[in-house]
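>>> predicted model, plus sequence, below.
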Amino acid sequence: MTIANQATLGTLLDRKGREIYAIGPSETVYEAISRMSERGVGALLVMDGGRLLGIVSERDYTRKVILQGRASKETRVEEIMTRELVVAPQEMNVDDAMRHMTQARVRHLPVMAGDSVAGVVSIGDLVKWMISAQEETIVHLRHYIAGDYMA
């Protein structure tokens, strides 16, 4: 683990934002895809009140609606959502989260604070964080080598 990536998912969410994009299980897949498009995201949490039930993604849509010849305006989110969730505590560090997501082959990770959803990170969020951390390390090393490093 690199020093720069000892940051937790909670820290990443503090910078990124903790807004949660969700949809109810009885809403249509058409509404889910429309909402994803409006928000510029690839997945929505499926929630009933404050309870996390699953996640629905563009991948679910293509595999479980389009390829099966179903109609998005008649299919309910609960029919295609992923129920076996991969989640992480907000105390997990970025390196471990990247490993966790890669092993589970997921692109979106609900971050939990106890039993509540604290936010969601995507694989893209983690990659951006890691690149930013590496750039910061390079700047510090350049200052250190040049002799003008401030501790």
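All right, it came through fine.

>>> any idea of the mean pLDDT for the longest helix seen in the chain?
The single longest helix within the chain, with elements called by DSSP state H, is helix 123-146. Across helix 123-146, the average pLDDT comes to 80.

>>> check stretch 11-27 too.
For stretch 11-27, mean pLDDT rounds to 95.

>>> do stretch 53-68 as well
For stretch 53-68, mean pLDDT is 95.

>>> residue contacts, the closest residue to residue 45 other than its chain neighbours?
Leaving aside its sequence neighbours, residue 45 sits nearest to residue 22 (CB to CB, 6 or more residues apart in numbering; 4.3 Å). From N, CA and C alone the C-beta is placed, and that goes for glycine too. Counting by CB atoms under 8 Å, 6 or more residues apart in numbering, residue 22 makes contact with 44, 45, 46, 47.

>>> looking at those residues, which has the most residues close by?
Counting neighbours by other CB atoms under 10 Å, residue 44 leads the contacts of residue 22 with 27 neighbours.
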